[in-house]
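*Asks:* Provided below for reference: sequence and predicted model.
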Amino acid sequence: MAHHHHHGHHHPPVHGRNLLVTILLNIAITVAQVIGGLLSGSLALLSDALHNFSDVISLIISFFAHKISHKEASTNKTFGYKRAEIIAAFVNAASLIIVAIILIKEAIERLLSPEGIHATTVIWLSLLGIAANGFSVWLLRKDADRNMNMRSAYLHLFTDMLASIAVLAGGLAIYYFQWFWVDPLLTILIALYLVYVGYALLKTSTRVLMLFTPDSIQVREIEASIMAIEPVKNVHHVHIWQLNEDEVHLEAHIDFKEDILLSQFDAILEQIEREVYQKFGINHVNIQPEFGKCDSKQLIVQD
């Protein structure tokens, strides 16, 4: 079985140092918001602190996943730790949704039983959260575009910044109008947004972990592209999966019309590799050549 790699698809390196800075910033924010939330009686501030605490855990997971993903492969870990960052993205997305559910529960209870809030503390601490999270978002913005793990960390921080803006708005509403109900209402809105962004990332990371074919790839189009090459007779037993952010794999059996030479097969394999890389972004191709073999010729075969 011939196995070719196309190495032009790799993204620029991701910077773990920026992630470490955001971890330290979020630890400081969390401590300040917990103290401020307890002193002021603001549920929105405490919910923001809980979200920040989940961010700290998520960022630490992302940081270590980023570090170990670069460890070398070995005989008992032939892919190395390349999927560590995908697992981290999955865990972080799930934690966003769990935190959101907790926040909604607490907010509903507070709506039913409103409590007084010290608005000045809420305002100053929300401004601190906006500044620190805004800086963290700026640090990770480039890496978030090309790495799912970094995107999960970025989403945690971005939603934190939005949450701090909402808390500031609530603090101002309480300070000027004594609208105490604004605090839990904003908490619910923040939580619903967490569910929205968390679900999208959870769905994407789950697809990768389950070895589903990437949404951008149509298997029938790949089949047609390979079938157009002479002397290919049939393409079957196809598997396409995404290993991580950089690698998309194609595995297939190809039945030939004639008993070709190995040198001919190598030339055809290079053509297939070039075609699927240029058209579909697949950079790892693993082809099993066959001639007159009695096996299932279905495109997709359940192993």
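*Replies:* Everything's here; your move. Numbers count the residues shown, from 1 in each chain.

*Asks:* how close does residue 125 sit to residue 110?
*Replies:* 18 Å (CB to CB, to the nearest Å). Just so you know, the C-beta spots here come from the backbone N, C-alpha and C atoms, and that holds for glycine as well.

*Asks:* buried residues, the helix or strand harbouring residue 26. List them.
*Replies:* Per DSSP states H and E: residue 26 is located in helix 16-40. Of the residues in helix 16-40, those buried by neighbour count under the rule 16 or more other CB atoms under 10 Å are 16, 18-19, 22-23, 25-27, 29-30, 32-34, 36-37, 40.

*Asks:* ok, back up a step: ok, residue 125 and residue 110, which is more surrounded?
*Replies:* A count of neighbours by other CB atoms under 10 Å puts residue 125 above the other of residue 125 and residue 110, at 27 against 24.

*Asks:* show me the contacts for that one.
*Replies:* 32, 33, 36, 37, 40, 45, 167 (CB atoms under 8 Å, 6 or more residues apart in numbering).

*Asks:* for residue 139, same thing?
*Replies:* When contacts are counted by CB under 8 Å, 6+ apart, residue 139 touches 18, 21, 22.

*Asks:* what angle sits between whichever helix or strand it is part of and helix 16-40?
*Replies:* Using DSSP H and E, residue 139 sits within helix 119-144. Relative orientation of helix 119-144 versus helix 16-40 (axes from the mean of the first three to the mean of the last three CA atoms, to 10 degrees): 160 degrees.

*Asks:* show me what the mean pLDDT comes to for helix 119-144.
*Replies:* When pLDDT is averaged along helix 119-144, the result is 86.

*Asks:* buried set for whichever helix or strand comes after it?
*Replies:* Next helix or strand after helix 119-144 toward the C-terminus (DSSP H and E): helix 148-177. Residues of helix 148-177 classed as buried: 148-168, 170-174 (neighbour count, 16+ other CB under 10 Å).

*Asks:* got any ranges where this protein has weak pLDDT?
*Replies:* 1-16, 44, 51, 115-116, 303 (pLDDT under 70).

*Asks:* domain assignment for it?
*Replies:* Domain assignment for the chain by automatic domain parsing gives 12-209, 219-290.

*Asks:* buried sites along the helix or strand harbouring residue 47?
*Replies:* For residue 47, the host element (DSSP H and E) is helix 43-68. Residues of helix 43-68 classed as buried under the neighbour-count rule (16+ other CB under 10 Å) are 43-56, 58-63, 65-66.

*Asks:* save the domains of the chain as TSV, and put in distance to residue 297 too.
*Replies:* Formatted as TSV, these follow (distance: least, CB to CB, whole Å):
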stretch	distance to residue 297
domain 12-209	28
domain 219-290	5
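
*Asks:* in CSV, list the contacts of residue 139 along with distance to residue 213.
*Replies:* CSV is the format used below for these (distance: CB to CB, whole Å):
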residue, distance to residue 213
18, 32
21, 37
22, 34
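
*Asks:* where's residue 254, which helix or strand?
*Replies:* Using DSSP H and E, residue 254 falls in strand 248-256.

*Asks:* so how far is that strand off the chain centroid?
*Replies:* Distance, stretch centre to chain centre, for strand 248-256: 28 Å (CA atoms, centre = their mean, to the nearest Å).
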